Every structure is written in structure tokens, then in C-alpha cells.
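Enquirer: here is the input, now give the coordinates:
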Amino acid sequence: MYSKYIDNSINEDESFLSMDDILSNIFNFEEWRTAEIDPFTQRPLKYEISKVYDEDQKIEIKGTEFNFNYIKYSYDTVISGQETNPISVERLKNTNGAIVIYTDSIRTQYLVDRARGASALRILRVINNSDKNKIIEAQSFNITEDFFIWLISRFMDGHRIIDEENSLSISRIIGFRGEGSQKQAILSGSGNEVMNLLSSLSFLIEMDVMTEIEVRIISGSETYEIRFYSRKSQLDVLVDNYVGEYMMVPSEERNPRVLLKAFIDLIPSIMNAYNEEIDNGNWTKNSKREFTLGLVDSVKEKLNILYPSQNTES
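Expert: Here you go, the predicted model:
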């Protein structure tokens with residue numbers, strides 16, 4: 001999973017710190033960090049942090065130029081209650097991963113390779129030497145079951161273009177899951193229409209609550225796969241499944257660019273389209289019921305075509 005955070009650090013004149021200043025603080029950690037000691041070996045615990053790019057990179061998204069870099073981190077902490085355990089893998093916990101740091105020259109934000117919550121925030125606080133509340137804050141989207149039904153209905157009804165101006169469309173519903181059902185349904189844009197209808201209908205009837213959906217999105221000549229979770233409105237961008245300009249470059253070059261495109265453009269565009277449909281009255285509280293009943297009618301219609309009734313004379 002991935003999550004998005006914004007840095008609220010300010011200067012003495014109450015202007016926000018620049019990304020350069022934030023990076024300078026992160027990498028001059030010897031000036032503020034006190035090395036933690038392994039209680040068993042009495043040696044300093046591992047703490048490593050590095051930038052993938054010596055010079056910040058640039059990318060243009062939605063007409064705005066962003067500067068970004070890719071930070072790799074790895075550090076050890078002592079597991080509580082295991083201080084005297086002689087086996088290091090049982091005594092120490094290693095935390096490692098990568099963070100995209102980026103700015104539009106006004107605010108600095110982070111894309112962390114963790115679900116939004118305590119773990120992601122703790123990592124950002126460790127590398128920033130920040131222990132105050134609201135200095136680093138999560139930026140979230142409101143992902144609900146109703147949003148999932150809307151996505152499926154858009155796909156099934158053939159309204160797959162999310163943003164015509166930016167050539168953004170739904171290519172495929174790769175899967176969706178819910179509580180009350182052990183099934184995972186798959187809807188294919190090029191697949192059998194009857195099977196798509198039956199998969200959707202059986203799933204919606206059997207489940208109690210829809211909890212996640214995975215969508216394949218086409219943006220111009222690029223393909224992205226994004227997984228949305230209703231629980232805590234979490235997100236995952238499947239960077240390894242990306243198809244496009246950056247698919248043949250090393251992951252350290254591909255991943256930050258794919259994540260930036262997903263979080264700055266694709267996900268907000270999809271959420272905006274959903275909210276606009278609600279505001280315009282095109283999607284209401286009764287839409288799930290209407291969509292499900294519509295699937296029933298569609299299944300009946302298709303089955304009547306496939307298996308027409310045979311009228312015989314007595």
C-alpha cells in the first residue's frame with residue numbers, strides 16, 4: 001500500500017520550509033540524531049538513508065511542474081522485551097523502504113510505501129526528527145462502498161471514460177471483494193457480457209459489504225492498476241503492473257514517476273468524477289439498488305436471447 005502526507009514545517013517568518021531545506025535536514029541527521037545503542041552488543045543500531053538522485057528530478061503533471069526525489073531508508077529498532085536476546089533477528093526489527101518526496105515549489109509532500117497510519121507517520125517522523133503533532137499530516141481520499149458500486153456501474157453500463165479531456169478511462173475491473181462473500185469477481189472489457197453480468201449480480205447479492213476493488217486505468221498510452229480499500233480509505237498502486245513509457249527503466253526510475261502520476265492525477269480525477277455525479281444528481285443513495293435490479297433485468301434479457309422459450313402445441 002501507499003499513502004500521502006504533507007509537511008507543515010515552517011520557517012521563523014511562518015513560510016513553509018522548501019523541499020531543499022527538508023532534504024538538508026533529513027540528510028544532515030548526524031547534527032540532530034543521537035545514535036541508538038543495541039543493549040546486547042553495545043554497538044550503534046543501523047541507520048541508513050540515501051537519495052536515488054543526486055539532483056532533484058522534474059516531472060510535469062496536469063500542467064504543473066514538480067520537483068521530486070526518491071529516498072531509501074533502513075534502520076533497526078530493539079523489540080521490546082527482547083533486549084537480552086542473543087539472536088539479533090529476534091532482538092531487532094528492521095524497517096526499510098522508499099519514499100517519494102516532491103514539491104510544486106509551494107508545499108512539500110511525501111508518498112510513503114506504507115498504508116496510511118501510525119507506521120507510515122512514524123517513519124516520516126524518524127527521518128525528519130519530528131515528534132510534534134500535525135507537523136506531518138496525512139492526506140486522504142474518502143473511499144466508500146458506494147464509490148465501488150459507482151465504478152462497477154460505470155464499467156458495466158459502458159460509461160468507461162472518466163475524463164475525456166485527459167483521455168482517462170476504465171479498462172477493466174480486475175477484481176472486487178466484500179465481507180459475506182469469499183468470491184473475487186472479475187469483469188473484463190473484452191470478455192463475455194453474460195459472464196460479466198452474472199459475476200456482478202451474484203457478488204452484489206451474496207456480499208454484506210464491499211471492501212475493495214482493483215481497477216485497470218488507461219491514461220493516454222499508459223496503463224495503471226490501482227486498488228482501493230473502503231476500510232480506512234487505503235490505496236495501493238501496483239507499480240509492477242504499469243505499462244507505458246517507464247516500464248523498461250529500472251524500478252528506481254519507474255516507481256516515483258508512476259506513483260506521482262497516480263496520486264496527483266489519476267486518483268483525484270476518478271474521485272472528482274464520482275463526486276460530480278453525486279452533486280449533479282446522476283448518482284444517488286438509491287443507485288446501488290437500481291443498478292442491481294438493472295443487472296437482474298439484463299441477465300433475464302440475455303438468457304432469453306440465448307435460450308428462447310419453446311412454445312409447443314398440446
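
Enquirer: could you check which helix or strand contains Tyr53?
Expert: Assessed by DSSP states H and E, Tyr53 sits outside every helix and strand.

Enquirer: against Arg154, how distant is it?
Expert: Separation of Tyr53 from Arg154 (Cβ to Cβ, to the nearest Å) stands at 38 Å. From N, CA and C alone the C-beta is placed, and that goes for glycine too.

Enquirer: so which of the two has more stuff around it?
Expert: Remark: of Tyr53 and Arg154, Arg154 carries more neighbours, 21 against 13, as counted by other Cβ atoms under 10 Å.

Enquirer: where's Asp163 relative to Ala262, distance?
Expert: Asp163 is 14 Å from Ala262, where distance means Cβ to Cβ.

Enquirer: count of neighbours near the residue nearest to Glu245 when sequence neighbours are not counted?
Expert: Excluding the flanking residues, the one nearest Glu245 by Cβ to Cβ, 6 or more residues apart in numbering is Glu222, at 6.7 Å. By other Cβ under 10 Å, the residues close to Glu222 number 17.

Enquirer: which residues pair with Glu222 across the strands?
Expert: Per DSSP bridges, the residues bridged to Glu222 are Ser219.

Enquirer: which secondary element of this structure has the worst mean pLDDT?
Expert: strand 181-188 (a mean of 47; mean pLDDT, DSSP states H and E).

Enquirer: same for the longest strand anywhere in the chain, what does it pack against?
Expert: Ranked by number of residues, the top strand in the chain under DSSP state E is strand 64-78. For strand 64-78, the elements it packs on are helix 19-27, strand 47-51, strand 57-61, strand 92-103, helix 118-128, helix 251-261, judged by 3 or more Cβ pairs under 8 Å, 6 or more residues apart in numbering; DSSP states H and E.

Enquirer: same thing but 6 Å
Expert: strand 47-51, strand 57-61, strand 92-103 (3 or more Cβ pairs under 6 Å, 6 or more residues apart in numbering; DSSP states H and E).

Enquirer: partners of that strand in the sheet?
Expert: If you go by DSSP bridges, strand 64-78 pairs up with strand 47-51 (antiparallel), strand 57-61 (antiparallel), strand 92-103 (antiparallel).

Enquirer: what residues does it touch?
Expert: 45-53, 56-59, 92-96, 98-104, 127, 256 (Cβ atoms under 6 Å, 6 or more residues apart in numbering).

Enquirer: any idea how far stretch 224-231 is from the middle of the chain?
Expert: 6 Å (Cα atoms, centre = their mean, to the nearest Å).

Enquirer: hmm, I was thinking of stretch 83-94
Expert: Here stretch 83-94 is found 33 Å from its chain centre; the criterion is Cα atoms, centre = their mean.

Enquirer: flag every buried residue along it.
Expert: Arg91, Leu92 (16 or more other Cβ atoms under 10 Å).

Enquirer: now swap in stretch 151-158 and tell me
Expert: Result for stretch 151-158 [16+ other Cβ under 10 Å]: buried residues Leu151, Ile152, Ser153, Arg154, Phe155, Met156.

Enquirer: how about stretch 242-259?
Expert: Using 16+ other Cβ under 10 Å as the test for burial, stretch 242-259 gives Tyr242, Gly244, Tyr246, Arg254, Asn255, Pro256, Arg257, Val258, Leu259.

Enquirer: while we're on Ser199, how confident is the model there?
Expert: With respect to pLDDT, Ser199 scores 59.

Enquirer: for Tyr307, same thing?
Expert: Looking at Tyr307, its pLDDT is 71.

Enquirer: kindly report the same for the one 5 residues further on.
Expert: Reading off the confidence values, Thr312 has pLDDT 45.

Enquirer: beta partners of Thr103?
Expert: Judged by DSSP bridges, the bridge partners of Thr103 are Asn67, Thr108.

Enquirer: touching, it and Met19? I think so.
Expert: Yes. Counting by Cβ atoms under 6 Å, Thr103 does reach Met19; the two are 4.1 Å apart.
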